[in-house]
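K.L.:
got a sequence here, can you build the structure:
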Amino acid sequence: MRPWHRTDTRARLLASLACSGLLIAATTWTTLAIGAAALGALLASSGTPPARAFAALRPFRLLLLLTVALQLLFTAGEPLLPGLLPAAVTREGAAAAAQALLRLGGVIVVSAHLVATTSPLELARGLGWMIAPLGRLGRPGARRDPRDGPRIPVLPAAPRRGRQVRSALEARGISLVHARPRLRARALLVWTLAVLFGMVDRSTRLATALEAKGFGRLRKIRHRFPAWTPESTALLGATAAFLVAALLG
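P.N.:
Numbers count the residues shown, from 1 in each chain. This next block holds a predicted model:
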């Protein structure tokens, strides 16, 4: 069993959130490199091959291409290759597109890695543990009733959902690879909205089912996590080290 699988669910959540935050907040190539190193360490700790991890990007390839195109074509600066590429393609735009691709792609890979290596029940309990303090802070919507715990969200299997929606759209004649750009953009918009609304609906139904089984009533049923392991401490220590390196970098 790999070290990642011997860690506590709470440590996995914190490490994944820290890695995602590090990638999102990265503004320089140095911090991006540190975030990429943190992602590589997560994959190595679970023994996940890079090809398998980055396969999670396939359902989002159109979104990634759109992000790159927007950064590449609408960032002012010095032309990248005068005479070979349009003047709108600049050096600054190419750098911004590369950074945006690394940030967005890295966050998707981190989320997919967490979902693939953690059971749905463990993930729901871990998310409930993270959200539980919101009830004591008095955040709106954190508690609907003093006797009930916070609604437990779920991180759906987005890649599978994306494939299902795409198959359903193609069966209705809406293709994401249409030859006409206008129809292709329209199909991309329909696909994105369908995936987002499907994720919200699935999360709501699963949260209702979990609460019906008693997981939301903290005063009646309290889940006890397994004993804390040395691997969990090492994971959080490595996460802290990457964050410190990013701050100093």
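K.L.:
show me how this structure divides into domains.
P.N.:
With domains defined by automatic domain parsing, the chain comprises 3-145+227-248, 153-214.
K.L.:
okay, now the longest one: how far is its last residue from its first?
P.N.:
For domain 3-145+227-248, the first and last residues are 28 Å from each other (CA to CA, to the nearest Å).
K.L.:
and residue 88, what element?
P.N.:
For residue 88, there is no enclosing helix or strand under DSSP states H and E.
K.L.:
tell me who's in contact with it.
P.N.:
73-74 (CB atoms under 8 Å, 6 or more residues apart in numbering). For every residue, glycine as well, the C-beta is placed using N, CA and C.
K.L.:
residue 82 versus that one, what's the distance?
P.N.:
According to CB to CB, to the nearest Å, residue 88 and residue 82 sit 12 Å apart.
K.L.:
doesn't residue 75 fall inside a helix?
P.N.:
No: assignment of residue 75 by DSSP: H, G, I helix; E, B strand; the rest coil gives coil, placing it outside any helix.
K.L.:
can you pull the contacts of residue 96?
P.N.:
Going by CB under 8 Å, 6+ apart, residue 96 touches 71-72, 75.
K.L.:
so how far is residue 72 from it?
P.N.:
Distance from residue 96 to residue 72, by CB to CB: 8 Å.
K.L.:
which other helices and strands does the helix or strand where residue 20 lies contact?
P.N.:
Per DSSP H and E: residue 20 is located in helix 9-25. Under the contact criterion of 3 or more CB pairs under 8 Å, 6 or more residues apart in numbering; DSSP states H and E, helix 9-25 touches helix 29-46, helix 91-117, helix 120-137, helix 230-248.
K.L.:
what sits up against the first one?
P.N.:
Contacts made with helix 29-46 from outside it, assessed by CB under 8 Å, 6+ apart, are listed as 2-5, 15-16, 18-19, 22-23, 25-26, 49-50, 53, 99, 102-103, 106, 109-110, 113, 117, 235, 238-239, 242, 245-246, 249.
K.L.:
hang on, the earlier thing: right, and the helices and strands packed on helix 9-25 - which one's nearest residue 192?
P.N.:
Ranking the helices and strands packed on helix 9-25 by their distance to residue 192 (criterion: CB to CB) puts helix 91-117 first, at 13.8 Å.
K.L.:
what angle do the helix holding residue 20 and helix 230-248 make?
P.N.:
With axes from the mean of the first three to the mean of the last three CA atoms, to 10 degrees as the basis, helix 9-25 and helix 230-248 are set at 20 degrees to each other.
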